[in-house]
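> here is a sequence together with a model predicted from it:
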Amino acid sequence: MAIDGRWLRTRSYVFRAAALSAIVFSFNHANAQSMAAADSPPTDELAALKSENVKLRSLIPSQSHAMMDVSFHFTNLWFAGQEKNWPLAQFYLNETRSHIKWSLRLVPVRKTTHGELKLQDKFDPFDADRLAEIQKQITAQDRKLFSAAYRDAMNGCNECHSAADKPYLLVVVPDKATAQGIQFKPNK
């Protein structure tokens, strides 16, 4: 039986095409597996990351801890303003702002009976209006208007507490300073 040359060439082409297809398939399959592995870490690595996240979150203080710092600074802000110690008042206003922002990082969204409350949405106008007014009166060194601005900001605190389903956290004008080792009267 004589073998036709065309048949051998065709057979060779088919063989080469099959081999090339196998190589391409192997490459694509291996590449797809390595890409999938790169996209998602192994299950044990993912579990370790989740465990580490839970551990780290347990080390973060609660929002109430940050708000106790806010209370400390906001209370002392009142006494610094009453004594017309404007540099100290500025310090306590800055600390009040800073610690409110910290509390927002700890709990950015609070679940309430009316749905989710995005606390940044409450803080931004409070900061732009009420804390800015305190800032204005510190700059003007006007004790009377400072007192009015402080009380207005205090009402803003109570509005936020109510919106967060915590109306029992009622901020009032303090009757004594919380920083016992700080002199509120300015140095002369």
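Now that the structure is in, tell me what you want to look at.
> residues in contact with stretch 140-149?
Residues from elsewhere that reach stretch 140-149 (CB atoms under 8 Å, 6 or more residues apart in numbering): 81-82, 84, 86, 89, 130, 133-134, 136-138. For the C-beta atoms, the positions are set from N, CA and C on the backbone; glycine is no exception.
> quick one: the helices in this structure, in order.
Using DSSP state H, the helices found in the chain span residues 5-39, 43-59, 63-82, 86-106, 119-125, 132-140, 143-163.
> what mean pLDDT does the longest one get?
Helix 5-39 carries an average pLDDT of 55.
> go on, the fifth one?
When pLDDT is averaged along helix 119-125, the result is 97.
> and which of the contacts of stretch 140-149 is nearest residue 168?
Set against residue 168, the nearest of the contacts of stretch 140-149 by CB to CB is residue 130 (21.3 Å).
> flag the shaky bits of the chain, pLDDT-wise.
Within the chain, the ranges that satisfy pLDDT under 70 run 1-41.
> centroid-nearest residue for it?
Nearest residue to the geometric centre of the chain (CA atoms, centre = their mean): residue 105, 2.8 Å.
> one step back: make JSON lines out of the helices of the chain and add distance to residue 113.
Formatted as JSON lines, the helices of the chain follow (distance: least, CB to CB, whole Å):
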{"stretch": "helix 5-39", "distance to residue 113": "40"}
{"stretch": "helix 43-59", "distance to residue 113": "25"}
{"stretch": "helix 63-82", "distance to residue 113": "18"}
{"stretch": "helix 86-106", "distance to residue 113": "21"}
{"stretch": "helix 119-125", "distance to residue 113": "16"}
{"stretch": "helix 132-140", "distance to residue 113": "31"}
{"stretch": "helix 143-163", "distance to residue 113": "11"}
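> so for residue 186, which of those helices sits nearest?
helix 86-106 (7.3 Å).
> the closest one to helix 143-163, inter-axis angle?
Per axes from the mean of the first three to the mean of the last three CA atoms, to 10 degrees, the angle that helix 86-106 makes with helix 143-163 is 10 degrees.
> and helix 86-106, how far out from the chain middle?
Taking CA atoms, centre = their mean, to the nearest Å, one finds helix 86-106 lying 16 Å from the centre of the chain it belongs to.
> tell me the angle that helix makes with helix 132-140.
Using the same axes, to 10 degrees: helix 86-106 against helix 132-140 is 160 degrees.
> show me what helix 86-106 is packed against.
helix 63-82, helix 119-125, helix 132-140 (3 or more CB pairs under 8 Å, 6 or more residues apart in numbering; DSSP states H and E).
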